[in-house]
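Enquirer: Sequence first, then the predicted structure:
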Amino acid sequence: MHIFSVYQILSFFVIYSFFGWCLEVVYQAVEHGKFINRGFLNGPYCPIYGFGAVTVISSLLPISENVLILYVGSVLLTSALELLTGFVLEKIFHQHWWDYSEEKFNIGGYICLKFSLLWGIACLIVVRIIHPIIEKFVNWIPHTVGVVALIVIYVGFASDFIITVSAILNIKKKMRILEGISAEMRKISDKTGEKLFSRVETIRSKSEEFNEKNAQRKKRLEELSAKYKEISEKKGFNGRRLEHSFRKLKLFSDRNDETIHKNSDED
């Protein structure tokens, strides 16, 4: 492992965190066509990139001449860091901060083969091309100026971290309250729906029973009407004779006939 001073490590962390944030912004702009602040914190930095860069540089810089070992080591280190960070963040905040679930060969949505291989390429570029320039720049800055700048940056970083974490915890608290209210509303809705369903079922059952009885009455009236008509038409010789002889005589009342037909029609 290559040994850097604390000052250098803190400086590298800040610089690569900022570069990582810039990379995320560019990627999101290309992917979605708009600015998206992808950082965990509010400021222009992504700490996971700072940790990743410092880890890879400190561990693999001594073997940077062997491109194959450097690439494989970069893939393994960055994948392990991304997996661990994603897992820890989800356990703490119960939320996925990135998700590779739709990518092939992913592990829990935390890492996937495609991006692990891309991180390996990125680390090759950083270690062999970018970092020598960054190291020279950090060493060029007057030590006192650099220390003051780091103090200011890390105070802002710490404040941002505290504010962000507090906001997330507050959101989680509100979400628990909202979930409780939602569950209570659901219970009330279910009870109301069950009562309404029960009443509808009762009305429907009574309606079916009424229709069935009504159909039976109508059928009975039709049978009586048919029987009445059949009997009334079979008056026989004496019946026709008596009606013919006595004009006012009605062996079968028209009123009864009308009543039967009326009841049949109403039903």
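Expert: Nice, thanks for sending it over. Numbers count the residues shown, from 1 in each chain.
Enquirer: Where do the helices of the stretch 51-200 of the chain begin and end?
Expert: 67-93, 113-125, 131-140, 143-233 (DSSP state H, counting those that start in this stretch).
Enquirer: Which elements pack onto the shortest one?
Expert: It refers to helix 131-140. When contacts are defined as 3 or more CB pairs under 8 Å, 6 or more residues apart in numbering; DSSP states H and E, helix 131-140 packs onto helix 6-32. The way it works is simple: take the backbone N, C-alpha and C, and place the C-beta from them, glycine included.
Enquirer: which parts of the helix it packs on are buried?
Expert: For helix 6-32, the neighbour count (16 or more other CB atoms under 10 Å) marks 8-21, 24-25 as buried.
Enquirer: which strands and helices sit next to it?
Expert: helix 47-60, helix 131-140, helix 143-233.
Enquirer: For the closest residue in space to Ile134 that isn't next to it in sequence, give me its contacts.
Expert: Excluding the flanking residues, the one nearest Ile134 by CB to CB, 6 or more residues apart in numbering is Ile15, at 5.8 Å. Applying CB atoms under 8 Å, 6 or more residues apart in numbering, we find Ile15 in contact with 50, 134, 138.
Enquirer: and if you look at Ser116?
Expert: Taking CB under 8 Å, 6+ apart, we find Ser116 in contact with 75, 78-79, 82.
Enquirer: Could you rank those residues by neighbour count and give me the top one?
Expert: Using other CB atoms under 10 Å as the neighbour criterion, Thr78 leads the contacts of Ser116 with 25 neighbours.
Enquirer: tell me the pLDDT at that one?
Expert: At Thr78, the model reports a pLDDT of 92.
Enquirer: Pretty sure it sits against Val54.
Expert: No. Between Thr78 and Val54 there is no contact under CB atoms under 8 Å: 11.9 Å.
Enquirer: Need the overlap of contacts for the two.
Expert: Here Thr78 and Val54 have no joint contacts, going by CB under 8 Å, 6+ apart.
Enquirer: any chance of the contacts of Ser116 in CSV, plus distance to His94?
Expert: Shown next, in CSV, are those (distance: CB to CB, whole Å):
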residue, distance to His94
Val75, 29
Thr78, 25
Ser79, 23
Glu82, 19
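Enquirer: tell me which of the residues you listed is nearest to Ile130?
Expert: Of all the contacts of Ser116, Ile130 sits closest to Thr78, with 15.1 Å by CB to CB.
Enquirer: who's in contact with that closest one?
Expert: By CB under 8 Å, 6+ apart, the residues touching Thr78 are 52, 56, 116, 119-120, 123.
Enquirer: repeat that with 7 Å
Expert: 52, 56, 116, 119, 123 (CB atoms under 7 Å, 6 or more residues apart in numbering).
Enquirer: Closest to Gln216 out of those?
Expert: The closest of the contacts of Thr78, once distances to Gln216 are taken by CB to CB, is Ser116, at 78.0 Å.
Enquirer: That closest one and Ile9, how far apart?
Expert: 25 Å (CB to CB, to the nearest Å).
Enquirer: again, but for Gly50
Expert: 10 Å.
Enquirer: pretty sure Leu89 is touching Trp97, no?
Expert: Yes. Counting by CB atoms under 7 Å, Leu89 touches Trp97, with 5.2 Å between them.
Enquirer: out of the two, which sits in the more crowded spot?
Expert: Under the criterion of other CB under 10 Å, the comparison of Leu89 against Trp97 puts Leu89 first, with 17 against 13.
Enquirer: and the more buried one, what does it touch?
Expert: By CB under 7 Å, 6+ apart, the contact set of Leu89 is Trp97.
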